[in-house]
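**Q** Everything below, folded, please.
(2 chains)
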Amino acid sequence: MKMNQPTPLGVGFTWQPDLKTALGPGWGLLDFLEISPDVLCREMITNGTRHLAYQPDLLQAALGSTSELPVVIHGLGLSIGSTTGWSEEYLRILDEFAQHQSFRWHSEHLAFMLTTMPDGTPLHTGIPLPMPFTDEAIDLIAPRATALGERYGVPFLLENLTYYLPGLPAEKGRDEIAFLNDLTAQSGCGLLLDLYNFYCNAVNFGFDPFEALSRLRMESVIEIHLAGGAAHDGFLTDIHTREVPEPVWELLEFVAPRAVNLAGIVYEVMEPAVPLLGAKRLTQQLARVRQIWDTHCAPSQRRSAYAVS
Amino acid sequence: MPLADFQSAIGTMIAVAATGNPLSDEIRTSLDSLQLTDTEKAWVQAMPQTRGFNVSCAIQRWWRETRMRDLAKLTIQTLGPECADQMIAAYLQQNICTSLFFLPETLAFLGFVAERSDHPHHHAIAQFERALLQAQEAARQMGNSNPTTTLIEFYAPPEAILAAVLQGGALPEPTVEPFFVLVSSALPHLWRPVAAEDLPHQTHVKTA
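**A** Residues are numbered from 1 along each chain as shown, chains lettered A, B, ... in the order given. Below is the predicted model:
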């Protein structure tokens, strides 16, 4: 399967209300915004049935931002890996969003959250949980990923997860990288490579991230996420509250020149952390992303790199 | 290991362990019914002893608590730090996660507080905040076309209770006579006090 490559966008940031004010001069460094439709919605559960509805003020604020910058979508609640079926409600709100606003690509977490207890009672895990590195997982997700690309007519990307469960079941000697390679190859979808998530896994499970990334099908990488988080009980956790740690910048320097189809780098920060980090530090982080993008990924740099090689 | 059984086993164990309760014999028996090899069963059984499993549970609890504290500010402040901590811990122990979203978690928590509180002001404030969230949501979604209306009984003048909560002062002594507050998505500020003599004229009133 081959995916249509999106036009490179550049540097992005997690959309949230009043972002332009919060970022100050950092806003000028942005090329695009990443919107999670879920955060624009409220969920009501009536007699066990979930219903998502946009909060009109938030939806209008998000759509207002799109007049200034292009948009990509990053979903939270699809649960693409659930054997009990993905969230139709999430797709319904994404369909609704697509009627208002086009987006360059969309992505989801490579995970499951919806399942059932052994007696059949529906269950929400509350956090995205990892897929085992098995054929069955690939066979479940690949056609879903393909279908999502066709449904919206733009590339669909899967994001690697931070996970904490040791010794996930695997087949054919797959580790996380081999799993991502097989899944993107079979589905034709792209990879949203979250370098902070990957760094967390490397630290938590003690593997060399550079060796692992050297085995990744770099042509599948369409977007990169950067973030900084906190440790809990000796584990680095996926929470977007801090500046990007130095080892993650080093991973970005490694990946950026190799990921020839890279179309965007997003610095993810949770809404409550934006005022805590402040405009000055956020701008410094974005300036560093911009410098790396301009050096390795801007279309002019790509052309000259190809010319040299 | 069949993928469905893997997800059921891991999802169930995390959901239960995140409440802080041990796996019941019933759940252990049901987990045994999954189609797992001996090696897979050993992996599943060993999982709760791993730090990674416990970190997963802690993160789930942290998110749930964060959502409640963010959206139930009035009730949390009314309860005070110690009582709020106890109430949150009790809620998390007795209710497994059902959603990623702030509103359903918080509505369930406020319902729990209202049911569990033996202090009349705590009970009333939890009901009041719950009704406000529901009215706010109804106003957002439906405007005034189909208003939701709830009547809350306070056992002190509601303005005095709210002033004490917001200013961090002592709550007024409970009264014998109730004071009524109407919460509705059709009201300009979603709520207003209602005199007892006006109650019979209210239509579509649902006692909380």
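**Q** Now the stretch 201-309 of chain A against chain B: closest residue?
**A** residue A:235 (4.7 Å; C-beta to the nearest C-beta). To be clear about C-beta, it is placed using only N, CA and C from the backbone, and glycine gets the same treatment.
**Q** Name the nearest residue to that residue, ignoring sequence neighbours.
**A** residue B:55 (4.7 Å; C-beta to C-beta, 6 or more residues apart in numbering or on different chains).
**Q** Name the helix or strand for the one you found, please.
**A** Using DSSP states H and E, residue B:55 maps to helix B:51-71.
**Q** Residues contacting that helix, please?
**A** A:125-127, A:129, A:163-166, A:204, A:232-235, A:237, B:13-14, B:17-18, B:47-48, B:76, B:88, B:91-92, B:97, B:100-103, B:105-106, B:109, B:133 (C-beta atoms under 8 Å, 6 or more residues apart in numbering or on different chains).
**Q** Swap in 7 Å and give it another go.
**A** A:126-127, A:164-166, A:232-235, A:237, B:14, B:17-18, B:47, B:76, B:88, B:92, B:97, B:102-103, B:105-106, B:109, B:133 (C-beta atoms under 7 Å, 6 or more residues apart in numbering or on different chains).
**Q** Can you get me a residue count around the residue of the stretch 201-309 of chain A closest to chain B?
**A** Per other C-beta atoms under 10 Å in any protein chain shown, the neighbour tally for residue A:235 reads 21.
**Q** pLDDT weak spots in chain A?
**A** A:1-3, A:303-309 (pLDDT under 70).
**Q** Name the SS class of the residue in it sticking out farthest from the centre, please.
**A** Here chain A reaches farthest from its C-alpha mean at residue A:119, the gap being 33.1 Å by C-alpha atoms, centre = their mean. Residue A:119 falls in the coil class when you classify it by DSSP: H, G, I helix; E, B strand; the rest coil.
**Q** what's the answer for residue B:192, then?
**A** strand.
**Q** I'd guessed it sits against residue B:182; true?
**A** Yes: between residue B:192 and residue B:182 there is a contact under C-beta atoms under 7 Å: 5.8 Å.
**Q** Could you check which of the two is surrounded by more residues?
**A** Using other C-beta under 10 Å, the more surrounded residue of residue B:192 and residue B:182 is residue B:182, with 21 against 13.
**Q** any idea how far that one is from residue B:71?
**A** 22 Å (C-beta to C-beta, to the nearest Å).
**Q** before we move on, what about residue A:155?
**A** Per C-beta to C-beta, residue A:155 is found 35 Å from residue B:71.
**Q** so what's the closest residue to residue A:117 other than its chain neighbours up against?
**A** Leaving aside its sequence neighbours, residue A:117 sits nearest to residue B:12 (C-beta to C-beta, 6+ apart; 4.9 Å). By C-beta under 7 Å, 6+ apart, the residues touching residue B:12 are A:117-118, A:123, B:27, B:31.
**Q** Residue A:22 now?
**A** Under the criterion of C-beta under 7 Å, 6+ apart, the neighbours of residue A:22 are A:274-275, A:279.
**Q** Mind doing that once more with 10 Å?
**A** A:13, A:16, A:269, A:271, A:274-275, A:277-279, A:282 (C-beta atoms under 10 Å, 6 or more residues apart in numbering or on different chains).
**Q** Quick one, which of those are buried?
**A** A:13, A:16, A:269, A:274, A:277, A:279, A:282 (16 or more other C-beta atoms under 10 Å in any protein chain shown).
**Q** Show me these that map onto helices.
**A** Of the buried ones among the contacts of residue A:22, the ones assigned to helices by DSSP state H are A:274, A:277, A:279, A:282.
**Q** Run through the strands of the chain in chain order.
**A** Assuming you mean chain A. Using DSSP state E, the strands found in chain A span residues A:10-14, A:32-35, A:41-46, A:49-54, A:71-74, A:106-109, A:112-116, A:122-129, A:156-159, A:190-194, A:221-226, A:231-232, A:235-236, A:264-267.
**Q** Actually, chain B is the one I wanted.
**A** Using DSSP E, strands in chain B cover B:149-154, B:179-184, B:191-194, B:206-207.
**Q** Make CSV out of those and add mean pLDDT.
**A** Output for the strands of chain B, formatted as CSV (pLDDT from 0 to 100):
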stretch, mean pLDDT
strand B:149-154, 93
strand B:179-184, 94
strand B:191-194, 92
strand B:206-207, 49
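**Q** Could you dump these into JSON lines and include distance to residue A:84?
**A** Output for the strands of chain B, formatted as JSON lines (distance: least, C-beta to C-beta, whole Å):
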{"stretch": "strand B:149-154", "distance to residue A:84": "35"}
{"stretch": "strand B:179-184", "distance to residue A:84": "37"}
{"stretch": "strand B:191-194", "distance to residue A:84": "40"}
{"stretch": "strand B:206-207", "distance to residue A:84": "35"}
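**Q** could you dump those strands to CSV with distance to chain A?
**A** Below are those laid out as CSV (distance: least, C-beta to the nearest C-beta, whole Å):
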stretch, distance to chain A
strand B:149-154, 16
strand B:179-184, 17
strand B:191-194, 19
strand B:206-207, 16
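**Q** So what's the residue count around residue B:102?
**A** Residue B:102: 20 neighbours (other C-beta under 10 Å).
**Q** is it true that it touches residue B:72?
**A** Yes: counting by C-beta atoms under 10 Å, residue B:72 is a contact partner of residue B:102 at 9.5 Å.
**Q** who touches both of those two?
**A** The contact lists of residue B:102 and residue B:72 share residue B:133, where a contact means C-beta under 10 Å, 6+ apart.
**Q** Retrieve the pLDDT associated with the residue nearest to residue A:117.
**A** Residue B:12 is assigned 94 on the pLDDT scale.
**Q** what does residue B:137 give?
**A** The model's pLDDT for residue B:137 equals 85.
**Q** and it, what does it touch?
**A** Here residue B:137 is in contact with A:42, A:44, A:53, A:55, B:103, B:107, B:148, B:185 (C-beta under 10 Å, 6+ apart).
**Q** Out of those, which end up buried?
**A** Members of the contacts of residue B:137 classed as buried by 16+ other C-beta under 10 Å are A:42, A:44, A:53, A:55, B:103, B:107, B:148, B:185.
**Q** correct me, but the third one touches residue A:41?
**A** Yes: at 6.1 Å, residue A:53 and residue A:41 qualify as touching, with contact defined as C-beta under 10 Å.
**Q** shared neighbours, those two?
**A** Each of A:59, A:89, A:93, A:96 lies in contact with both residue A:53 and residue A:41 under the rule C-beta under 10 Å, 6+ apart.
**Q** Among those, give me the pair with the biggest separation.
**A** Distances among those were taken as C-beta to C-beta; the most separated pair is A:59 and A:89, at 15.7 Å.
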